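Participant: Need coordinates for the below:
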Amino acid sequence: MANAGGSSYFVDTKRGEVGELCNLLRNPEIQRDPVRRRGVVQKVIASMTQGIDVAPLFSEMIMASATKDLVQKKLVYLYLRNYAESHSDLALLVINSFQKDCSDDNPMIRGLALRNMCSLRINNLWDYVINPLRVGMRDKNAYVRKAAALGIVKLYYLFPAQVRDSNFSDTLYTMLQDRDAGVASNALFALDEVLAEEGGVVVSRDVAEYLLSRLSDFDEWACSLVMGVLHRYTPDSEEAVFDILNILDERLKHANSGVVLAAAKLFVHLTAGMPDLHEDVYQRIATPLLTQMAASGTPEIAYSVLHHVQLLHTRQRGLLAAHYKSFYCRYNDPPYVKHKKMEILVDVAEAGSAEEIVDELSEYVTDMDRSVSRRAIQSAGRIALRVPSVLNFCAQQLLTFLTFEDEDVVAETILVSVDLLRKYDRDGGNAAGGSGGDGALAARLLPELRRHLRGAGEDPAAKAAVIWMLGEYGNSVLANSPYLLEGFIEQVDDRSCVDGEVRLQLLTAALKLFLHRPAEMQRALGRLLDREIEEEMHVDVRDRALLYYRLLRDGGVERARQVVLAAPPPRHGAGAGAGA
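Facilitator: Residues are numbered from 1 along each chain as shown. As a prediction, the model looks like this:
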């Protein structure tokens, strides 16, 4: 009659079946058949999860709790716990059922009943649960003691004042020495929660040594908890620190990422006041973190570990330089992991590895995810800004990217090229190997960029970068700049160019070209200034147009040349894009 499978009970359950379920629960034949009775109870739970009110079955479900079948017992407890919260008039019957099971001969039933009774959310629960809880903390079975320790935490969330006044803390401190590691770890967790307002568990030397001595007995969750609590302990000598580090060293080889991260954090904490050890400590914990990152089959864990690794690198520059290949992206990494790996690759790149890293980043430019593709180009450019020796190779890669028939790739390549030109072609030539400076980089990049200026698409930042190049190099490499710039000015005239950043850059580029080539730009500049002053609603654009107009009117061309064409200060970092 009833299948004990599971998912089939969630099909075609109707409100009209509550009466039929009631009859089934009362049927003597079903009551004598444990399998069929469990199937009916499963149907009741299925109806409950679908939002059907099965409260009328309360008496029958109470009777169904009188069983040795643990699965059925758990289902009945779920039902009782649910309706005890919403039907206060039934709460006393629920509590009586739980109290009866707390005295059962089976320790699994005792622990299950105690755990569920402590999970009830009713106002007068304290008076009924306090005695079973105290008995459970002294139970001879470890499972019941573990349930009692966590039950104190549940009660603390409901009755914090009563729990603090009942001296449960003393009992929990005693339970820390329980022979069962699970009981000890639950007691430690309960103590930390109950004493949270006082700063958590007081970790004396004896407590710290005891917890460390039992570290190998605890499971992963308990190990992480213990190492978190040990942050409150300050060893009184360097010898004590080394003793603790020796114990923790084994945890760095653990298969669980949470344990490894907790051990690494405690390593750093204990040696915070010992700067001579920092380099050795960071080297020691870096390898396990990299192993966790590579071995983890979960991208969320890998992402978390990557953040820890990046923080280590910021504290110890060069720490991960030899491990740069560990941060190469996998084909199945999600975008956020790829972004973080590329961010770290930029930080760890050095003269000896930069070219290989840029070559690897070039492979990601064809990624199906546009954000990854653009981040790869940005990262290659940032490496070229940090490591001048790789500029030649990076410039060649950028020229290759321009041949891709993809607006996003071309736009990002133009933006990165502008950053490189700002740093290496305008600061007197600081690039190694004869590249950059004195117009060399511009002479190499701009002829190819000129063929792809229209490839920037509708990206406002890329458009502004193109206009910046036209204004900056219109008197040298880009000889046809005035005619190209007129195309952008026409877009302003017909209102197809509405982005403020683009128009701000257009004003500056037009004035620069006018100062270099007045005959070709006078009419276009006048038309642009008139349009932006008389009709523009964008405050910043109108103010800049007024500034340039008054500069030309009051100071003359020579004064404007001194102001607008003044040599920029040396740059020591990445450009900010296509700003004025």
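Participant: what sits up against the helix or strand bottoming out on mean pLDDT in the chain?
Facilitator: One helix or strand of the chain scores below all others by mean pLDDT, DSSP states H and E: helix 440-450, with a mean of 77. The contact list for helix 440-450 (Cβ atoms under 8 Å, 6 or more residues apart in numbering) reads 391, 395, 398-399, 402, 414, 417, 420-421, 424-425, 429, 431, 434-435, 469, 473, 476-478. Where C-beta positions appear, they are placed from N, C-alpha and C, glycine not excepted.
Participant: Same check on stretch 469-479?
Facilitator: Contact with stretch 469-479 is made by 418, 421, 439, 442-443, 446-447, 449-450, 453, 481-482, 484-485, 505, 508-513, 516-517, as judged by Cβ under 8 Å, 6+ apart.
Participant: Check the residues you listed for burial and list the buried ones.
Facilitator: Using 16 or more other Cβ atoms under 10 Å as the burial test, those include 418, 421, 439, 442, 446, 449-450, 453, 481-482, 484-485, 505, 508-513, 516 as buried.
Participant: So which residues of the stretch 451-580 of the chain form strands?
Facilitator: Taking DSSP state E, counting those that start in this stretch as the test, none of the stretch 451-580 of the chain falls into strands.
Participant: which one is Val241 nearest to, not counting chain neighbours?
Facilitator: Excluding the flanking residues, the one nearest Val241 by Cβ to Cβ, 6 or more residues apart in numbering is Pro235, at 4.8 Å.
Participant: residues in contact with that neighbour?
Facilitator: Val241, Ile244, Leu270.
Participant: Now secondary structure, neighbour count and distance to Gly151 too, for these, in a markdown table please.
Facilitator: Below are these laid out as a markdown table (DSSP: H, G, I helix; E, B strand; the rest coil; neighbours: other Cβ atoms under 10 Å; distance: Cβ to Cβ, whole Å):
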| residue | secondary structure | neighbour count | distance to Gly151 |
| --- | --- | --- | --- |
| Val241 | helix | 17 | 37 |
| Ile244 | helix | 19 | 32 |
| Leu270 | helix | 22 | 34 |
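Participant: for those residues, which one is nearest Val203?
Facilitator: Ile244 (11.9 Å; Cβ to Cβ).
Participant: Tell me the confidence at the closest one?
Facilitator: The per-residue pLDDT reported for Ile244 equals 92.
Participant: How about Thr366?
Facilitator: 91.
Participant: Spell out the secondary structure type for it.
Facilitator: Recorded secondary structure, Thr366: coil (DSSP: H, G, I helix; E, B strand; the rest coil).
Participant: how about low-confidence regions in this protein?
Facilitator: Counting by pLDDT under 70, the chain has low-confidence residues at 1-16, 88, 426-439, 452-457, 493-498, 568-580.
Participant: Next up, the contacts around Leu114.
Facilitator: Per Cβ under 8 Å, 6+ apart, neighbours of Leu114: Phe98, Cys102, Pro132, Leu133, Gly136, Val144, Ala147, Ala148, Gly151.
Participant: Show me what counts as buried in the helix or strand that it is a member of.
Facilitator: Following DSSP states H and E, one finds Leu114 within helix 107-118. Neighbour-count burial for helix 107-118, counted by 16+ other Cβ under 10 Å, picks out Pro107, Ile109, Arg110, Gly111, Leu112, Ala113, Leu114, Arg115, Asn116, Met117, Cys118.
Participant: Check stretch 19-37 too.
Facilitator: Leu21, Cys22, Leu24, Leu25, Ile30, Gln31, Arg36, Arg37.
Participant: CSV for those, including distance to Arg559?
Facilitator: Below are these laid out as CSV (distance: Cβ to Cβ, whole Å):
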residue, distance to Arg559
Leu21, 93
Cys22, 97
Leu24, 98
Leu25, 97
Ile30, 101
Gln31, 103
Arg36, 99
Arg37, 98
